[in-house]
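A.B. asks: coordinates only, sequence not included:
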């Protein structure tokens, strides 16, 4: 196509017009604005691209219409750092006037904006797993439809102790809050069920070579890893190269379905616990996987599924308020009150702190027709962030950390 | 006892990888006086290109590795010839340009290879390992050590025994004087830059079966190259060799013995050397 001067002018005028004058319209017919804080550049991009794919898949299935209202979708790239998250959150809230924020991805991004977003009374649905955001320091505008750091690790520990009859394990995970909280939860349940954690190994987030740590692993029944991002793939390869044969158990990031095509055969047999599983049998999940794969060109994992469910929660809340979104407190209340029966991860509801109660799947990586796939071993239903403990008792203990629970000597 | 042996062999392997990465970095720094901040990206680019060759096009590992080294060498040559050459003498501008290119490369890789990590299969002949006095030695790691030794010997031969090597050494020691006696130092720049890039790219694909390939690999490796070169001394092959193995040992033993202080232990020798012997262990006193 040749672009002559007239066409060029017409085009730029249209763009400028659209940017300068958002369509004025009466409140009810105004589009509902969803802002996504995701990561599309840098080392965390794989998860961020999954997140965006999850929302876009959902919105396309609904034809960009929720509860009768047209949806405007705005995606912002935080670059995976707290400063970027803050800047983009401000843009979404103050410039774009979004009705709800989905994301961000990482806990340190969430912590950087949590107070700001609460001050501006904007509902936020994030995957970031930092426990205290829905426990000891709750944010009233926060909803989490995925899981806290330890929510899947506790059923995993239960499975390890009761079904696999493991007695002694070593844990290995990155040296940051997500790692402490994952392994803290695992240790507490595992030891209450009669197991013992012999040693907890913390590795720097950036660790090109895990062998110095792998060299310390011996005399156990299994190894529990909790790595995230690109680390699990690297870890499993080096683990096998080192000739280690102990079974490996992990949480949602360590055995993510989206990484099935990245893992080598050394990951076959790895058992993971996750709030989503690709082999969950229902129509919604089948359609989700098909549409997502078409959209993104890769299998969806729990980041994508989490954002899809977030979309469903927003839809349910909008239906409950009759499409009204001006009263943000009412909107969050409706989100937390929503009972979804049909999501890619099965039924989902929320506790009064905004955290999800739902299925946790314990599954195993198998090789089928030359490709890696997940096979569910056991489904733990109605798992809350406190399970298996009483809420009051759980909140009375400190948040899981490097030193809590302490190792038994 | 076994732990110590295992750590020792891992230290040497990691040192071998670091040597491939830092030898070129050191030569470029020594000759051109710029810290080439794209060096980590070249490592990553080599790893990605090689991974594609091996995993997607199913070429034999060594052919894939050769293509990766060649591709990165061409890339390095282009950068030197068309960007850095124009900024000759403006070191600050060169540093900024190399930093900028490293960011562009990172996003380029993200676009082409997506953000998912790629796990590269170990070459089939080198899978497995040998058990020796109760310790498991992965064959591939032993191969890396041998390859690093061979490349080190070849580089030494090149620098010490050939005319080209003599010219490079002259350029490192005193570029003005080298020009005066008729050495085309700018052409040396291109050659050394290509060589350094090829080594980094080759190191990338050699490391891929161990480290896997993922966005951010560049930033993981660049600081290690910096530490090695500062420790060993810029422009000195022996310096990068010794520096690589010293860092390999410190990295491995440090992480095993003081995991909480892993990074502190890693960078401590660099600080000590900077204070006591700023030119590095084997570097020449600045003229």
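C.D. replies: All right, it came through fine. In this text the structure is predicted, and so the values were computed from the model without any measurement. Numbers count the residues shown, from 1 in each chain, chains lettered A, B, ... in the order given.
A.B. asks: residues in the stretch 1-150 of chain B within reach of chain A, list them.
C.D. replies: Within the stretch 1-150 of chain B, the positions adjacent to chain A are B:3, B:6-7, B:10, B:14, B:106-107, B:110, B:114-119, B:121-122, B:129, B:136, B:138, B:140-141 by Cβ under 8 Å from any Cβ of the partner chain. All C-beta atoms are positioned from the backbone trio N, CA, C, and that covers glycine.
A.B. asks: now a PyMOL select for only the buried ones of those.
C.D. replies: The buried subset of these, as determined by 16 or more other Cβ atoms under 10 Å in any protein chain shown, is captured in PyMOL by this line:
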select buried, chain B and resi 6+7+10+14+106+110+114+115+116+117+118+119+122+129+136+138+140+141
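A.B. asks: where does the stretch 151-287 of chain B have low pLDDT?
C.D. replies: Residue ranges of the stretch 151-287 of chain B with pLDDT under 70: B:285-287.
A.B. asks: interface residues of it facing chain A?
C.D. replies: Residues of the stretch 151-287 of chain B lying near chain A (Cβ under 8 Å from any Cβ): B:207, B:209-212, B:214-216, B:219-221, B:224, B:251-253, B:255-256, B:259-260, B:262-263.
A.B. asks: repeat that for 7 Å
C.D. replies: Contact residues (Cβ under 7 Å from any Cβ of the partner chain) of the stretch 151-287 of chain B with chain A: B:210-212, B:214-216, B:220-221, B:252, B:255-256, B:259, B:262-263.
A.B. asks: buried only: go through the residues you listed for me.
C.D. replies: Buried among these (16+ other Cβ under 10 Å): B:210-212, B:214-216, B:220-221, B:252, B:255-256, B:259, B:262.
A.B. asks: which two of these have the greatest separation?
C.D. replies: Farthest pair in these (Cβ to Cβ) is B:215 and B:256. Separation: 27.6 Å.
A.B. asks: any idea which helix or strand carries residue B:159?
C.D. replies: helix B:139-161 (DSSP states H and E).
A.B. asks: which residues touch that helix?
C.D. replies: B:9, B:12-13, B:16-17, B:19-20, B:23, B:122, B:126, B:128-130, B:164-165, B:168-169, B:206, B:209, B:237, B:241 (Cβ atoms under 7 Å, 6 or more residues apart in numbering or on different chains).
A.B. asks: could you rerun that using 6 Å?
C.D. replies: B:12, B:13, B:16, B:19, B:122, B:126, B:128, B:129, B:165, B:206, B:237, B:241 (Cβ atoms under 6 Å, 6 or more residues apart in numbering or on different chains).
A.B. asks: tell me the gap between it and the middle of its chain.
C.D. replies: 13 Å (Cα atoms, centre = their mean, to the nearest Å).
A.B. asks: now do stretch A:287-296
C.D. replies: 18 Å.
A.B. asks: check stretch A:298-307 too.
C.D. replies: 8 Å.
A.B. asks: all strands of the chain, in order?
C.D. replies: Since you didn't name a chain, this refers to chain A. Secondary structure of chain A by DSSP state E: the strands cover A:32-38, A:65-66, A:69-77, A:100-102, A:124-125, A:142-143, A:168-174, A:196-203, A:222-225, A:248-250, A:271-274, A:348-350, A:356-368, A:371-383.
A.B. asks: the chain in question should be chain B.
C.D. replies: Counting by DSSP E, the strands of chain B are B:129-132, B:135-138.
A.B. asks: okay, those strands in CSV with mean pLDDT next?
C.D. replies: CSV is the format used below for those (pLDDT from 0 to 100):
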stretch, mean pLDDT
strand B:129-132, 74
strand B:135-138, 76
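A.B. asks: I'd guessed residue A:328 sits against residue A:121; true?
C.D. replies: Yes: with contact defined as Cβ atoms under 6 Å, residue A:328 counts as touching residue A:121 (4.5 Å).
A.B. asks: ok and the lengthiest helix in chain B relative to helix B:139-161, angle-wise?
C.D. replies: Secondary structure of chain B per DSSP state H: the longest helix is helix B:2-32. Relative orientation of helix B:2-32 versus helix B:139-161 (axes from the mean of the first three to the mean of the last three Cα atoms, to 10 degrees): 30 degrees.
A.B. asks: what's the average pLDDT for helix B:2-32?
C.D. replies: Per-residue pLDDT over helix B:2-32 has a mean of 85.
A.B. asks: show me what it is packed against.
C.D. replies: Applying 3 or more Cβ pairs under 6 Å, 6 or more residues apart in numbering or on different chains; DSSP states H and E, we find helix B:2-32 packed against strand B:135-138, helix B:139-161, helix B:163-173, helix B:185-211, helix B:217-232, helix B:237-257.
A.B. asks: in the second one, which residues are buried?
C.D. replies: Buried residues in helix B:139-161, counting neighbours by 16+ other Cβ under 10 Å, are found at B:139-145, B:147-148, B:151-152, B:155, B:159.
A.B. asks: what is the end-to-end distance of stretch A:324-332?
C.D. replies: Stretch A:324-332 has an end-to-end distance of 12 Å (Cα to Cα, to the nearest Å).
A.B. asks: which residues touch it?
C.D. replies: Contacts for stretch A:324-332 (Cβ under 6 Å, 6+ apart): A:32, A:99, A:121, A:123, A:141, A:317, A:321.
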